[in-house]
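Peer 1: Compute the structure for the input listed below.
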Amino acid sequence: MEGLDFNVISRTWPYLIKGLEYTVQLTIIATIGGVIWGTLLALARLSSIGWLSAIAAGYVNLMRSVPLLLVIFWFYFLVPVLIQFITGADRPPQIGADRSAYITFILFEGAYFCEIMRAGIQSIPKGQVGAAYAIGLNYSQAMRLIVLPQAFRNMLPVLLTQTIVLFQDVSLVSLLNVTDFVGASVKIAQRDSRVVEMYLFVAIVYFCLCFSLSYLVKQLQKKIAIIR
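Peer 2: Have a look, this model is predicted:
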């Protein structure tokens, strides 16, 4: 351990915090967008309309069958070319790394949140839907007022666990030269030649955050189980 300089962390702390803030921000926005998109996909998959259910199932299966890194590169490099081809523009539009990151994570994570929400919806007894129809509610009202609130509650621990996985996956945006927590650490490590110190620090931070969040999710899961 001789020759290691962990003071590089204190010297670059504001820059690291800025990167961590970006990671948390992307995680929160991708989670909210992914849950909304995933819920719509889940409703589509459970729909009695055959073609709608097939399209939603195909989308979910595609997203869950390819690596996230590949999807990020697809959107960042190929989507501008496709837009140029469709619109007939002179050059591909500049979507940017930030927009690519947000859109990609929402679209990708929506497929995983879809399966979680679908399981939550199917866990609600069909008798409750029948009771909703009996008191005059239509399908949309029954889903919005009765089924979805219970599904969210039942699946909350799983949704939060997937969010922790998303928090870890956000580190992949550093490959697009986005200054997230990992990206900021990589830049400092390369500039100051402190690779070991920075990567060790990043690993410790991720471990502490993810372990703490996982513990809280387990406690929440036990509390929900007791309430049931």
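Peer 1: doesn't residue 160 make contact with residue 27?
Peer 2: No: the criterion here is CB atoms under 8 Å, and residue 27 misses it with residue 160 at 11.5 Å. C-beta: built from backbone N, CA, C; applies to glycine.
Peer 1: higher neighbour count, these two?
Peer 2: A count of neighbours by other CB atoms under 10 Å puts residue 27 above the other of residue 27 and residue 160, at 20 against 16.
Peer 1: so where does that one fall, helix or strand?
Peer 2: Take DSSP states H and E as the rule and residue 27 turns out to sit in helix 13-45.
Peer 1: tally of neighbours for residue 110?
Peer 2: The burial metric for residue 110, expressed as a neighbour count using other CB under 10 Å, is 24.
Peer 1: Does it belong to a helix, a strand or coil?
Peer 2: helix (DSSP: H, G, I helix; E, B strand; the rest coil).
Peer 1: dump the residue contacts of it.
Peer 2: Taking CB atoms under 8 Å, 6 or more residues apart in numbering as the definition of contact, the neighbours of residue 110 are 33, 34, 35, 36, 37, 38, 41, 63.
Peer 1: hang on, the last one packs against residue 106?
Peer 2: No: contact status for residue 63 versus residue 106: not in contact, 11.1 Å apart, counting by CB under 8 Å.
Peer 1: Which of these two has more residues huddled nearby?
Peer 2: In this view residue 63 and residue 106 are compared by other CB under 10 Å, and residue 106 has more residues nearby, 21 against 18.
Peer 1: and the host helix or strand of that one with helix 13-45, angle?
Peer 2: Per DSSP H and E: residue 106 is located in helix 97-122. Computed by axes from the mean of the first three to the mean of the last three CA atoms, to 10 degrees, the angle separating helix 97-122 from helix 13-45 equals 40 degrees.
Peer 1: tell me the contacts of the closest residue in space to residue 112 that isn't next to it in sequence?
Peer 2: Taking CB to CB, 6 or more residues apart in numbering as the measure, residue 112 lies nearest to residue 162, with 5.7 Å between them; neighbours along the chain are not counted. Listed by CB under 8 Å, 6+ apart, the contact partners of residue 162 are 109, 112, 113, 116.
Peer 1: With respect to residue 142, which of these is nearest?
Peer 2: Proximity to residue 142 was ranked across those by CB to CB; first place goes to residue 116, at 20.3 Å.
Peer 1: what about the closest one, how many neighbours?
Peer 2: As a burial measure, the neighbour count of residue 116 was computed by other CB under 10 Å and equals 23.
Peer 1: so where's the protein uncertain?
Peer 2: Low-confidence regions of the chain, defined here as pLDDT under 70, cover residues 1-3, 225-228.
Peer 1: in it, which spans are helices?
Peer 2: Across the chain, reading from the start of the chain, the helices by DSSP state H fall at 7-11, 13-45, 50-63, 68-73, 79-87, 97-122, 126-134, 139-142, 148-169, 181-192, 195-227.
Peer 1: Can you say which of those helices is nearest to residue 175?
Peer 2: Evaluated with CB to CB, the helices of the chain place helix 68-73 nearest to residue 175, the distance being 7.1 Å.
Peer 1: List the buried residues in the helix holding residue 106.
Peer 2: 97, 100-118, 120-121 (16 or more other CB atoms under 10 Å).
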